[in-house]
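Asker: Structure for the following, please:
(one chain, ligands or ions: 1)
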Amino acid sequence: MSTPAAQHASGRMPDGGIAARARGLTKAYGSGEAAVLALDSVDVDIARGRFTAVMGPSGSGKSTLMHCLAGLDTVSAGRVWLGDTEITGLKERELTRLRRDRIGFMFQSFNLIPTLTAAENITLPMAIAGRGPDKEWLDQVIDTLGLRDRLKHRPAQLSGGQQQRVACARALVSRPELIFADEPTGNLDSRAGLEVLGFLRGAVDELGQSVVMVTHDPGAAAHSDLVLFLADGRIVDEMAEPTAEAVLDRMRVFPEGNPQTPGFDVARDRLDDDSAAAQED
Ligand SMILES: Nc1ncnc2c1ncn2[C@@H]1O[C@H](COP(=O)(O)OP(=O)(O)OP(=O)(O)O)[C@@H](O)[C@H]1O
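Answerer: Residues are numbered from 1 along each chain as shown. Below you'll find the model as predicted:
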């Protein structure tokens, strides 16, 4: 399938180029009658230096797409590139190195090490890679994320929003080519969620970072430059310069029958909360 996303994204990258792309990306789980086609020949270009959101009903293939683009999962057919490097066909060891050196990850559950301080958590991936962080860049990331006075705290001494900011700093500090964020605001209240989205937005605008974020939340997607909509393992639509209202309207017409989709009600409530929080500010 040639998706409009591929055409659209290509046309929107006059300077930045492509951070990741897939052609004919197909992923099937199981076999025989139990087989599930999680991704159905997806073509997509992820623009460099931009913030891309991936939305769609539960089970539409969002996480699978992210995992295949990030080399966390093998593909059944098709090809995937990170920058100019084709990752399909790489051996597990090469993939591990590529993920470590070139990709940043943020998860809903933060994934911080409880016994390490914020500062140690931020630099851990680089320490594992045997590289020292670029001090100037580290300082810039810490200040951009407002973590300067929290560096000696352990995760349990930080709020959820602060923990996610540490996770954000950890993802940014090695200057990865691409950050994948899977529901990064899923465990946060709306105010802390807005804060983290603001930082991701700032990472793109001020630090030139490329970000792909999977989310159920139209309010979160509204912080992106481009929303890709998945349904049944295909990219069925996209929206540039999204607003929460426009994304919510688009989600309503999915054939899968939103609002039965898990996350839809949560998304609508979050949208209301976000509006309330914004009005309080
Ligand atoms: N390890 C697996 N084994 C079998 N089927 C799987 C596996 N992982 C995902 N699937 C199936 O693949 C399809 C896509 O799943 P995926 O997790 O990518 O969807 P999603 O859009 O991220 O869903 P959600 O919004 O609920 O997280 C679903 O039908 C799911 O049941």
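
Asker: Okay, now the unreliable bits of the stretch 1-150 of the chain?
Answerer: 1-15 (pLDDT under 70).

Asker: Quick check: residues of it near the ligand?
Answerer: When proximity is defined as Cβ under 6 Å from any ligand atom, the stretch 1-150 of the chain approaches the ligand at 29-30, 36, 38, 56, 58-64. (Each C-beta comes from the backbone N, C-alpha and C, glycine too.)

Asker: Out of those, which comes closest to residue 233?
Answerer: residue 61 (4.3 Å; Cβ to Cβ).

Asker: Farthest-apart pair in the residues of the stretch 1-150 of the chain next to the ligand, please.
Answerer: 30 and 56 (20.6 Å).

Asker: between the two, which one's more packed in?
Answerer: Per other Cβ atoms under 10 Å, whichever of residue 30 and residue 56 has more neighbours is residue 56, with 27 against 10.

Asker: what's near enough to touch that one?
Answerer: 62, 229-231, 254 (Cβ atoms under 8 Å, 6 or more residues apart in numbering).

Asker: Repeat that for residue 242.
Answerer: If you count contacts by Cβ under 8 Å, 6+ apart, residue 242 has them with 53, 218, 221-222, 224, 226-227.

Asker: Helices along the chain, start to end?
Answerer: Assigned by DSSP state H, the chain shows helices spanning 4-11, 62-69, 92-102, 118-128, 135-144, 160-172, 190-207, 218-221, 244-252, 264-280.

Asker: And the contacts of the second one?
Answerer: Around helix 62-69, the neighbours that count as contacts under Cβ under 8 Å, 6+ apart are 20, 22, 25, 27, 38-39, 42, 44, 46, 54-56, 72-75, 80, 82, 180, 182, 212, 214, 230, 233.

Asker: Extract the C-alpha set from that helix and format it as PDB.
Answerer: Provided in PDB are the C-alpha atoms of helix 62-69 (Å, rounded to 0.1, in the frame of the first residue of the first chain):
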ATOM      1  CA  LYS A  62       0.700   1.400  16.800                       C
ATOM      2  CA  SER A  63       3.100  -0.300  19.200                       C
ATOM      3  CA  THR A  64       4.000  -2.900  16.500                       C
ATOM      4  CA  LEU A  65       4.900  -0.100  14.100                       C
ATOM      5  CA  MET A  66       7.000   1.600  16.700                       C
ATOM      6  CA  HIS A  67       8.700  -1.600  17.700                       C
ATOM      7  CA  CYS A  68       9.500  -2.500  14.100                       C
ATOM      8  CA  LEU A  69      10.800   1.000  13.300                       C
END
